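Peer 1: Any chance you could fold what I've pasted below:
(one chain, ligands or ions: 1)
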Amino acid sequence: MFDFDLIVIGAGPGGYEAALHAAKLGLKTAVVERREVGGTCLNRGCIPTKALLHASTVYEETKNGPALGVTAENLAYDLSAMFAYKQQVVEKLRSGIESLFKAAKVTLLRGTGTLTAPNTVTVAGENEGVYTAQNILLATGSVPARPPIPGLDLPGVMTSDELLNGEGGDFSSLVIIGGGVIGMEFATFYNDLGVAVTVVEGLDRLLPNMDRELGQNLAMIMKKRGVQVFTGAMVKDLEAVDGGLQVNFETKGKLQSVVGEKVLCAIGRSPYTAGLFAEGTAPEMDRRRIKVNQRFETSLPGVYAIGDVSSPVQLAHVATAQGIYAVDEIAGKGNEMDLSLVPGCVYVRPEIAAVGLTEADAKTREIPVKTAKALMSANGRTVILNGDRGFMKLVAHAETRKLLGAQLMCANASDMISQLSEAIANGLTPADLLRAMRPHPTFEEALTAALEELEVKLG
Ligand code: FAD
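Peer 2: Numbering: from 1, shown residues only. Just a heads-up that it's a prediction; the model follows:
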């Protein structure tokens with residue numbers, strides 16, 4: 001009686017993975033997408049930033065080549081070629097998703113989807129029409145936030161959307177408002193290219209949502225590379241001046257300012273629901289987020305929401321995990337993933353990756369813990385790479401001995417964090433993790449060192 005078992009609105013990492021999973025479970029599925037498949041992550045987020053960072057890292061490492069006996073004559077970079085490479089990567093992955101939809105028989109409806117009645121989505125655009133489904137999954141994501149700071153709408157102020165679109169062109173100085181993950185990845189990219197970068201962060205450290213030591217260490221590394229970093233700095237306003245834009249901010253009651261040819265506003269993202277609900281069809285909201293329960297149900301029967309549009313943690317893998325969980329709920333199938341355990345990675349140099357509790361979290365929650373730390377300066381593989389200061393830090397429950405958290409700052413941290421997530425999700429102890437040997441020379445040998453120290457501290 002319905003056209004589909006499931007209509008997903010939004011083909012970002014939440015929506016497209018949910019649709020593919022639903023098709024695998026035998027549900028007749030459609031996805032509505034108003035822009036390109038892949039969403040923010042593939043087109044304006046995770047993938048383009050990492051492609052650009054890969055390019056700038058190759059440039060940076062080649063600059064340091066002579067110390068290793070490698071010289072490249074006339075070393076230079078071409079920003080438009082870097083952006084073209086980024087675009088190639090994006091387009092390759094985008095066509096991959098479209099092929100996956102075809103292979104799985106997921107119907108892609110191009111256009112803007114609006115919930116117009118129970119079980120009904122009206123699509124405006126290429127595949128215009130009224131479609132019905134037993135279940136509807138809202139996965140419309142988020143857009144960059146532009147808080148009402150005077151001057152933030154001046155020409156030359158960009159968000160990650162415009163910057164990744166190449167709208168900024170070539171420039172010699174950049175002020176980044178926001179020292180979170182997005183801000184620091186762009187700071188790394190432009191600093192590698194020799195652009196004068198200033199970061200202005202309102203809270204007392206960079207990466208304020210992560211372990212204190214990570215942000216403090218990163219600030220030291222960035223300053224050493226010539227990036228100006230202001231923390232505890234609240235931006236008051238921006239004004240156009242000769243040579244660009246002046247950002248005025250207050251630190252400890254003192255007014256200060258910096259000038260940049262361009263400004264990147266990287267202070268968060270807002271859930272996106274524009275045009276999603278016809279009058280009288282909106283579910284209950286939690287401020288701008290769609291409110292959901294633990295099963296990702298909204299207040300409307302048969303309507304679910306996942307990812308950036310409803311989640312306080314806005315990450316691609318969170319959107320995907322929630323989408324798969326919601327589809328399993330719809331299909332009446334169990335899902336045992338621990339959705340509260342969220343690894344987070346920052347693709348600066350060295351990389352940062354963390355999961356679970358920090359020592360400070362444990363203190364706040366009055367959980368007795370022991371911690372251990374191994375420095376990467378003693379790790380052979382890191383020395384070969386001439387790596388920057390880094391460490392691996394582990395947190396374990398003082399009584400149950402179970403691993404509760406890990407914070408890594410080292411090369412390839414993003415590829416190593418999952419084994420620690422697995423250990424935490426499965427209630428493993430340092431002794432469990434020490435049962436297997438780690439190859440030499442690898443970054444993971446530092447993990448063995450941290451685990452051994454933790455074992456000693458646990459007594
Ligand atoms: P989105 O990816 O935002 O997708 C939503 C889709 O819905 C969009 O394609 C949109 O066009 C579509 N849509 C919206 N409304 C409608 C409608 N009414 N009808 C039809 N279609 C609609 N996360 C990480 O995990 N790792 C990273 O390294 C990382 N780096 C990032 C770097 C940057 C610069 C940015 C901006 C973000 C980054 N993120 C990263 C965050 C990540 O991109 C998001 O958390 C993720 O994309 C959210 O997925 P989603 O499916 O919920 O929404």
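Peer 1: How about the stretch 101-250 of the chain: which residue is closest to the ligand?
Peer 2: Nearest residue of the stretch 101-250 of the chain to the ligand, counting by CB to the nearest ligand atom: Gly141, 2.0 Å away. (C-beta placed from N, C-alpha, C; glycine too.)
Peer 1: ok and the residue in the stretch 351-459 of the chain nearest the ligand?
Peer 2: In the stretch 351-459 of the chain, the residue that lies nearest the ligand is Ser414 (8.5 Å; CB to the nearest ligand atom).
Peer 1: List the buried residues of the host helix or strand of that residue.
Peer 2: Using DSSP states H and E, the element containing Ser414 is helix 413-425. Residues of helix 413-425 classed as buried by neighbour count (16 or more other CB atoms under 10 Å): Ala413, Ser414, Met416, Ile417, Leu420, Ser421, Ala423, Ile424, Ala425.
Peer 1: try stretch 326-340
Peer 2: Ala326, Val327, Asp328, Glu329, Ile330, Ala331.
Peer 1: The nearest residue to the residue of the stretch 351-459 of the chain closest to the ligand once chain neighbours are set aside and the ligand, how far apart?
Peer 2: Of all residues not flanking Ser414 in the chain, Cys345 sits nearest, at 4.0 Å (CB to CB, 6 or more residues apart in numbering). Cys345 sits 6 Å away from the ligand, going by CB to the nearest ligand atom, to the nearest Å.
Peer 1: One more: Asn335?
Peer 2: Applying CB to the nearest ligand atom, the value for Asn335 to the ligand is 18 Å.
Peer 1: pLDDT score assigned to that residue?
Peer 2: Note for Asn335: predicted pLDDT of 92.
Peer 1: how about the nearest residue to it, chain neighbours excluded?
Peer 2: Asp328 (4.0 Å).
Peer 1: From Val355, how far out is the one you found?
Peer 2: As judged by CB to CB, to the nearest Å, Asp328 and Val355 stand 23 Å apart.
Peer 1: cool, and Met184?
Peer 2: To Val355, Met184 is 19 Å away according to CB to CB.
Peer 1: Which one of those two is surrounded by more residues?
Peer 2: Met184 (27 against 23; other CB atoms under 10 Å).
Peer 1: Do you have the strands of the stretch 201-350 of the chain handy? List them.
Peer 2: Using DSSP state E, counting those that start in this stretch, the strands found in the stretch 201-350 of the chain span residues 228-230, 233-241, 244-251, 254-260, 262-265, 269-271, 285-286, 289-290, 303-305, 344-346.
Peer 1: now these as JSON lines including mean neighbour count and mean pLDDT?
Peer 2: JSON lines is the format used below for those (neighbours: other CB atoms under 10 Å; pLDDT from 0 to 100):
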{"stretch": "strand 228-230", "mean neighbour count": "18", "mean pLDDT": "98"}
{"stretch": "strand 233-241", "mean neighbour count": "17", "mean pLDDT": "98"}
{"stretch": "strand 244-251", "mean neighbour count": "19", "mean pLDDT": "97"}
{"stretch": "strand 254-260", "mean neighbour count": "16", "mean pLDDT": "97"}
{"stretch": "strand 262-265", "mean neighbour count": "26", "mean pLDDT": "98"}
{"stretch": "strand 269-271", "mean neighbour count": "19", "mean pLDDT": "97"}
{"stretch": "strand 285-286", "mean neighbour count": "13", "mean pLDDT": "97"}
{"stretch": "strand 289-290", "mean neighbour count": "22", "mean pLDDT": "98"}
{"stretch": "strand 303-305", "mean neighbour count": "26", "mean pLDDT": "98"}
{"stretch": "strand 344-346", "mean neighbour count": "21", "mean pLDDT": "98"}
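Peer 1: Tyr131 is nearest to which of the ones you listed?
Peer 2: Checking the strands of the stretch 201-350 of the chain against Tyr131 by CB to CB gives strand 303-305 as the closest, at 14.2 Å.
Peer 1: sorry, back to before: who does the helix holding Ser414 touch, helix- and strand-wise?
Peer 2: strand 344-346, strand 352-356, strand 403-409 (3 or more CB pairs under 8 Å, 6 or more residues apart in numbering; DSSP states H and E).
Peer 1: most packed of those?
Peer 2: strand 403-409 (a mean of 27; mean count of other CB atoms under 10 Å).
Peer 1: list the contacts for the residue of the stretch 351-459 of the chain closest to the ligand?
Peer 2: Contacts for Ser414 (CB atoms under 8 Å, 6 or more residues apart in numbering) come out as Cys345, Tyr347, Glu351, Ala353.
Peer 1: rerun that using 10 Å as the cut-off
Peer 2: Lys50, Pro343, Gly344, Cys345, Val346, Tyr347, Glu351, Ile352, Ala353, Leu408 (CB atoms under 10 Å, 6 or more residues apart in numbering).
Peer 1: Beta-bridge partners for the fourth one, please?
Peer 2: Which is Cys345. Ala353 (DSSP bridges).
Peer 1: quick one: it and Gln407 touch, right?
Peer 2: No. Using CB atoms under 10 Å, Cys345 makes no contact with Gln407, being 11.5 Å away.
Peer 1: any residues in contact with both of these two?
Peer 2: Common neighbours of Cys345 and Gln407 (CB under 10 Å, 6+ apart) are Ile352, Ala353, Ala354, Val355, Ala413, Ile417.
Peer 1: my guess is the fifth one contacts Thr382, does it?
Peer 2: So the one you mean is Ala413. No. Ala413 lies out of contact with Thr382 (CB under 10 Å); the separation is 11.3 Å.
Peer 1: tell me, what residue is most central in the protein?
Peer 2: Leu315 (4.7 Å; CA atoms, centre = their mean).
Peer 1: isn't Ala23 right up against Leu6?
Peer 2: Yes. Ala23 lies in contact with Leu6 (CB under 10 Å); the separation is 9.0 Å.
Peer 1: Quick one: mean pLDDT over the helix holding Ser414.
Peer 2: 98.
Peer 1: which other residues reach the next helix or strand after it?
Peer 2: As assigned by DSSP H and E, the chain's next helix or strand after helix 413-425 is helix 430-433. Helix 430-433 is contacted from outside by 370, 372, 394, 396, 401-403, 419-420, 422-423, 426, 447-448, 450-458, using CB under 10 Å, 6+ apart.
Peer 1: for the chain, what spans make up the helices?
Peer 2: 13-24, 39-44, 46-63, 79-104, 160-164, 181-192, 212-224, 316-330, 359-364, 380-384, 413-425, 430-433, 445-458 (DSSP state H).
Peer 1: Deepest in the core, which of these is it.
Peer 2: helix 13-24 (a mean of 27).
Peer 1: Residue in the stretch 301-450 of the chain with the shortest distance to the ligand?
Peer 2: Closest to the ligand within the stretch 301-450 of the chain is Gly307: 2.2 Å, counting by CB to the nearest ligand atom.
Peer 1: Quick one: residues contacting the closest residue to Ile352 other than its chain neighbours.
Peer 2: Excluding its sequence neighbours, the residue lying closest to Ile352 (CB to CB, 6+ apart) is Val346, at 4.1 Å. Neighbouring residues of Val346 by CB under 10 Å, 6+ apart: 180-182, 184-185, 188, 206-207, 210, 214-215, 218, 352-354, 409, 413-414.
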